[in-house]
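**Q** For reference, the sequence and a predicted model appear below.
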There are 2 protein chains.
Amino acid sequence: MNSEFIIAVHGLVLLAHRPDGMASSEEIASNVCTNPARVRKVMSVLRKNGYIETREGSGGGYRLVADPQSITLASVYRALAAGSLAPGWCSGNPEMDCVVGSNMQDVMNAVFCGADQQLEAYLETITIGRMLSQIEAKAGIP
Amino acid sequence: MNSEFIIAVHGLVLLAHRPDGMASSEEIASNVCTNPARVRKVMSVLRKNGYIETREGSGGGYRLVADPQSITLASVYRALAAGSLAPGWCSGNPEMDCVVGSNMQDVMNAVFCGADQQLEAYLETITIGRMLSQIEAKAGIP
DNA sequence: CGCAACTGTAACTGATAATATTACAGTAAC
DNA sequence: GTTACTGTAATATTATCAGTTACAGTTGCG
């Protein structure tokens, strides 16, 4: 799985956890354990999808605008990791003079297409709000 | 997805397609579009799992011994690509002085664990035999 | 205004993982 | 004993990913 997906989910949960729903790229980066530039790149995509809004300039940062319960991991997945299940690598070759070798790409592709749908369906059942609840439950009963 | 998984599936389908169920590492490699050493490494795992047997020496190669209909992609996945869905990368840090940052790994891990099970369940529904049928159907009705 | 603190991007660098290559010992057929 | 294979490991080579740096654009505030 794409690590940008992880940064996005972690970032969203963090924002949802903040009472005012705000944090700067540096705060998020240190919480996620990566660098601010990477966070900004990911958050930029989330903004384009309407989950957060950004305030540039001094005192700026990111702020959650969507309801945590309404943001599913599937939508985050679609936004920045879609099709990451299928490998870059592809066996066979359509030009090949062999029934198996020449048709494998198509068939394999269909398999991964189905797998991707299955994965999305699963991610559809998990929301940012639910993840936050789980974390808060863990912290509440140490 | 692990590319060894692809090599394995492609190799198994190729063997199933052969009337005598045999092929050398070089034949498989050229069909899959990779090199023989890589194929041998993958086939070695498949042998240990009982799907194929190997004949060393001159005129040797690999031969399918299991029924193509009985080999599911899930079992191939478990054999050489298990857990490949979860990323090497992990956000957060349990030592961290933040409720979100310190618990994220656990929660994220649970998500990927579930996703992996979902994926396996899907792969359980696809067999080598079925893939071969699909390929043969494509070739039969051009 | 002018400075300080942010975001938005892109280019560059370094680290890490994936793949290919090479090599050679072991084994079986002829 | 020679030829044609597998098994396995070591070693390049290449591609991918993450970190870093840089700088223009934006906003808040003294």
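**A** Arrived safely, thanks for sending. Numbering: from 1, shown residues only, chains lettered A, B, ... in the order given.
**Q** Mind naming the longest helix for chain A?
**A** Secondary structure of chain A per DSSP state H: the longest helix is helix A:99-123.
**Q** Low-confidence stretches in chain A?
**A** A:141-142 (pLDDT under 70).
**Q** which residues in it form strands?
**A** A:22-23, A:52-55, A:61-64 (DSSP state E).
**Q** quick one, what contacts A:Gly83?
**A** A:Asp116 (CB atoms under 8 Å, 6 or more residues apart in numbering or on different chains). From N, CA and C alone the C-beta is placed, and that goes for glycine too.
**Q** related to what we said a few turns ago, from the strands of chain A, which stretch is densest packed?
**A** strand A:61-64 (a mean of 22; mean count of other CB atoms under 10 Å in any protein chain shown).
**Q** any bit of that strand sitting next to DNA strand D?
**A** No. Strand A:61-64 is not in contact with DNA strand D by CB under 7 Å from any atom of the strand; minimum separation 11.0 Å.
**Q** Count the residues that sit near A:Ser44.
**A** 12 (other CB atoms under 10 Å in any protein chain shown).
**Q** Please give me every residue in contact with the residue nearest to it when sequence neighbours are not counted.
**A** The shortest distance from A:Ser44 to any non-neighbouring residue, by CB to CB, 6 or more residues apart in numbering or on different chains, is to A:Thr54 (8.0 Å). Neighbour list for A:Thr54: A:Met43, A:Ser44, A:Arg47, A:Gly60, A:Gly61, A:Tyr62, A:Arg63 [criterion: CB under 8 Å, 6+ apart].
**Q** How about A:Phe112?
**A** By CB under 8 Å, 6+ apart, the contact set of A:Phe112 is A:Leu85, A:Ala86, A:Pro87, B:Met1.
**Q** The first one reaches A:Gly114, doesn't it?
**A** I take that to be A:Leu85. No. Counting by CB atoms under 8 Å, A:Leu85 sits too far from A:Gly114 to count as a contact (10.1 Å).
**Q** separation between A:Val76 and chain B?
**A** 11 Å (CB to the nearest CB, to the nearest Å).
**Q** Relative to A:Val99, how far out is that residue?
**A** Using CB to CB, to the nearest Å, A:Val76 is found at 40 Å from A:Val99.
**Q** hey, what's the residue nearest to A:Ser44 bridged with?
**A** Bridge pairing for A:Thr54 (DSSP bridges) gives the partners A:Tyr62.
**Q** returning to what we had before: so between A:Leu85 and A:Gly114, which is more surrounded?
**A** Neighbour totals were compared for A:Leu85 and A:Gly114, and A:Leu85 leads with 22 against 14 (other CB under 10 Å).
**Q** Get me the contact residues on chain A for DNA strand D.
**A** Residues of chain A lying near DNA strand D by CB under 7 Å from any atom of the strand: A:2-4, A:33-38, A:55-60, A:88.
**Q** Considering the contacts of A:Phe112, which is situated nearest to DNA strand D?
**A** Among the contacts of A:Phe112, A:Pro87 lies closest to DNA strand D (CB to the nearest atom of the strand), at 10.0 Å.
**Q** Need the phi and psi values for that closest one.
**A** Backbone geometry at A:Pro87, expressed as degrees, to the nearest 10, gives phi -80, psi 150.
**Q** show me where chain A has helices.
**A** A:3-17, A:25-32, A:36-48, A:73-80, A:99-123, A:128-140.
**Q** Out of the ones you listed, which is closest to B:Gln118?
**A** Closest approach to B:Gln118 among these (CB to CB): helix A:99-123, 4.3 Å.
**Q** quick one, what contacts the residue nearest to A:Asp116 when sequence neighbours are not counted?
**A** Here the nearest residue to A:Asp116 in space, its sequence neighbours aside, is A:Leu85; by CB to CB, 6+ apart that works out to 5.1 Å. Shown in contact with A:Leu85 (CB under 8 Å, 6+ apart): A:Phe112, A:Ala115, A:Asp116, A:Leu119, B:Met1, B:Leu85, B:Leu119.
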